[in-house]
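In: I need the structure of the sequence given here:
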Amino acid sequence: MQCTECSMIVKPIVCLDIDGTLGAYHSHFVLFAREYFDRTLPLYWNGEGDWEDYLGLTHREYRDCKLAWRQGGMKRTMPVFPGAMELSWTCRTLMAEVWI
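Out: A predicted model of the protein is given here:
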């Protein structure tokens, strides 16, 4: 692509988020949090309101659990949503720069 202002060759940039966009963060985190707190937490969230409130966690509980989730390497085992790989490959084949 050529910039209309300076005529430089540029690539479009596509930004893709991992947690909840490319990967099934919410359900994966809840399964971890159930064991972390040793209590039942709702698995499915409709996206309304604060997620930690929906789970019945204080802000501190949520942050501590999320830190343990990250430090435990759980993001590496998060399931990928169907079509996520195809989306990123399509962006690349269209000569876009993909930022994760």
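In: wait, what's in contact with residue 13?
Out: Applying Cβ atoms under 8 Å, 6 or more residues apart in numbering to residue 13 gives the contacts 96, 97, 98, 99. The way it works is simple: take the backbone N, C-alpha and C, and place the C-beta from them, glycine included.
In: Who does it form a beta bridge with?
Out: Under DSSP bridges, the beta-bridge partners of residue 13 are residue 97.
In: on that earlier part again, which of the contacts of residue 13 count as buried?
Out: residue 98 (16 or more other Cβ atoms under 10 Å).
In: Do I have it right that residue 2 meets residue 8?
Out: Yes. Here residue 2 lies in contact with residue 8, judged by Cβ atoms under 8 Å, at a distance of 7.2 Å.
In: Now the common contact residues for the two.
Out: With Cβ under 8 Å, 6+ apart as the test, residue 2 and residue 8 reach no residue in common.
In: Closest to the mean position in the protein, which residue would that be?
Out: Most central in the chain under Cα atoms, centre = their mean is residue 19, positioned 0.9 Å from the mean C-alpha point.
In: Excluding sequence neighbours, find me the nearest residue to that one.
Out: Spatial nearest neighbour of residue 19, excluding adjacent residues (Cβ to Cβ, 6 or more residues apart in numbering): residue 25 at 3.7 Å.
In: Give me the phi and psi angles of the one you found.
Out: phi -60, psi -50 (degrees, to the nearest 10).
In: For the residue nearest to the centre of the chain, list the residues it contacts.
Out: 25, 75, 78.
In: can we see that at 10 Å?
Out: 25, 26, 28, 29, 66, 75, 78 (Cβ atoms under 10 Å, 6 or more residues apart in numbering).
In: circling back to that earlier point, spit out the contact partners of the residue nearest to residue 19.
Out: Going by Cβ under 10 Å, 6+ apart, residue 25 touches 17, 18, 19, 51, 69, 74, 75, 78, 79, 81.
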